[in-house]
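here is a sequence together with a model predicted from it:
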Amino acid sequence: MAIAEDRAAPPETRRPLAESPFAKGFQRMVSSPQGAIAFAVVALLVLGAVFAPLIAPYDPIAIAPRIRFEGPSWAHLLGTDQIGRDLFSRVLYGARVALKVSLFGTTAALSLGAMLGIIAGLGPRWIDSVLVIFCDSVRSLPMILFALAVVAIYGPSMNTLIGVIAFSMAPGYFRVVRNQVLVLRETDFVTAANAMGASRLRVALTHLVPNLIGPLIVLIAMDIPAVIGIESGLSFLGQGIQPPDASWGTMLSDGYSYIRKAPHIAVAAGLPVIVATVAFTFLGEALRDVFDPKSGKGR
């Protein structure tokens, strides 16, 4: 028995999944009512958008003039619009558009801004000065006017909208990443890596990027409501997603046109915008409490 005990396998040294920093952060986030409710609402929005083809009871662009302007009923949960399209189906597909624009727009802005921020933080002072001046100039542009100017040149489309969002929001990520890099490059572990002859690319990928994930996650969650508002606003003005594709902004435009005759159209389109904006804002605040060391509730 002693031999068997001596040959016993050593105890498990891997850290359980529940003890990982992100798992602990998630547990702290959902432990508060604000974080739990916000996460649940965002999860429902994402699931509804992803599985819209399976959930939507009707084709979102199918026209049925005989049932136009119908109010909410069991057959049409949110009613129908001015040409008989099912509003519930269009809300689901509009969520796909809003989240797609948000995902690609913020990802592109994050990639561009983070790359420029790391270059500015680790590069020579003259490169830092040029990038700061350039990004501050871009941030000073009124986003809506800039978007309208770009759309007037290239035409309204989802790709144009994503490009405008990425170019307009990248300076915000640049500022956050640059400031973090300027602080982190003076730390002992970065100084030790430089002394050992590590390249700047290795220092950035190994030591800087992991320490930037927390603040960037918070910033993305806080920026998604702004992106949803931009997409809806431009689509409302006819300069974003074009009919017959479903978009909350185009639905709001239709609802505004028939507000007296069929107010349920405006309600069906406006309520998802409000819910998504509030939910992502509260989720961003909950994530900030978890990942932002300055909040006092982080790690």
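Received, thanks.

all the helices of the stretch 101-250 of the chain, residue numbers only.
125-139, 143-154, 158-184, 188-195, 200-203, 209-236, 248-257 (DSSP state H, counting those that start in this stretch).

closest to residue 280 out of these?
If you check each of the helices of the stretch 101-250 of the chain against residue 280 by Cβ to Cβ, helix 209-236 wins as the nearest, at 4.6 Å. The C-beta positions use only the backbone N, C-alpha and C, and glycine is treated the same way.

and that closest one, what other elements does it pack with?
Helices and strands in packing contact with helix 209-236 are listed as helix 87-122, helix 143-154, helix 158-184, helix 248-257, helix 263-291; criterion 3 or more Cβ pairs under 8 Å, 6 or more residues apart in numbering; DSSP states H and E.

so which of the ones you listed is nearest residue 41?
Closest of the helices and strands packed on helix 209-236 to residue 41 is helix 263-291, at 3.9 Å (criterion: Cβ to Cβ).

check which residues of the closest one are buried.
Applying a neighbour-count criterion of 16 or more other Cβ atoms under 10 Å, the buried positions in helix 263-291 are 264-266, 268-270, 272-273, 276-277, 279-291.

and if you look at stretch 59-76?
Neighbour-count burial for stretch 59-76, counted by 16+ other Cβ under 10 Å, picks out 60, 68, 70, 76.

which one of the residues you listed sits closest to residue 185?
Using Cβ to Cβ, the buried residues of stretch 59-76 come closest to residue 185 at residue 60, 50.3 Å.

give me the phi and psi angles of that closest one.
With angles defined as degrees, to the nearest 10, residue 60 shows backbone torsions of phi -70, psi -20.

ok, now which ones touch it?
Applying Cβ atoms under 8 Å, 6 or more residues apart in numbering, one finds that residue 60 lies in contact with 85, 86, 89, 90, 92, 93, 246.

list the contacts of the helix or strand hosting residue 44.
Here residue 44, judged by DSSP states H and E, is contained in helix 33-50. Contact with helix 33-50 is made by 28-30, 55, 92, 95-96, 98-99, 272, 275-276, 279-280, 282-283, 285-287, 289, as judged by Cβ under 8 Å, 6+ apart.

what do you get for stretch 233-253?
Outside stretch 233-253, the residues within contact range by Cβ under 8 Å, 6+ apart are 60-61, 81, 87, 89-91, 93-98, 144, 147-148, 151, 156-158, 161, 228, 231-232, 256, 265-266, 268-270, 272-273.

ok so, going back, compare the mean pLDDT across the helices and strands packed on helix 209-236 and name the weakest.
Mean pLDDT is lowest for helix 143-154 among these, at a mean of 84.

just checking, what packs against that helix?
Helices and strands touching helix 143-154, by 3+ Cβ pairs under 8 Å, 6+ apart, are helix 158-184, helix 209-236.

angle of that helix against helix 158-184?
An angle of 130 degrees separates the directions of helix 143-154 and helix 158-184 when computed by axes from the mean of the first three to the mean of the last three Cα atoms, to 10 degrees.

okay, the angle between helix 143-154 and helix 125-139?
Using the same axes, to 10 degrees: helix 143-154 against helix 125-139 is 90 degrees.

still on that earlier bit, could I get the buried residues of stretch 59-76 as TSV with distance to residue 170, pLDDT and secondary structure?
Putting those into TSV (distance: Cβ to Cβ, whole Å; pLDDT from 0 to 100; DSSP: H, G, I helix; E, B strand; the rest coil) gives the following:
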residue	distance to residue 170	pLDDT	secondary structure
60	32	92	coil
68	43	91	coil
70	44	92	coil
76	41	91	coil
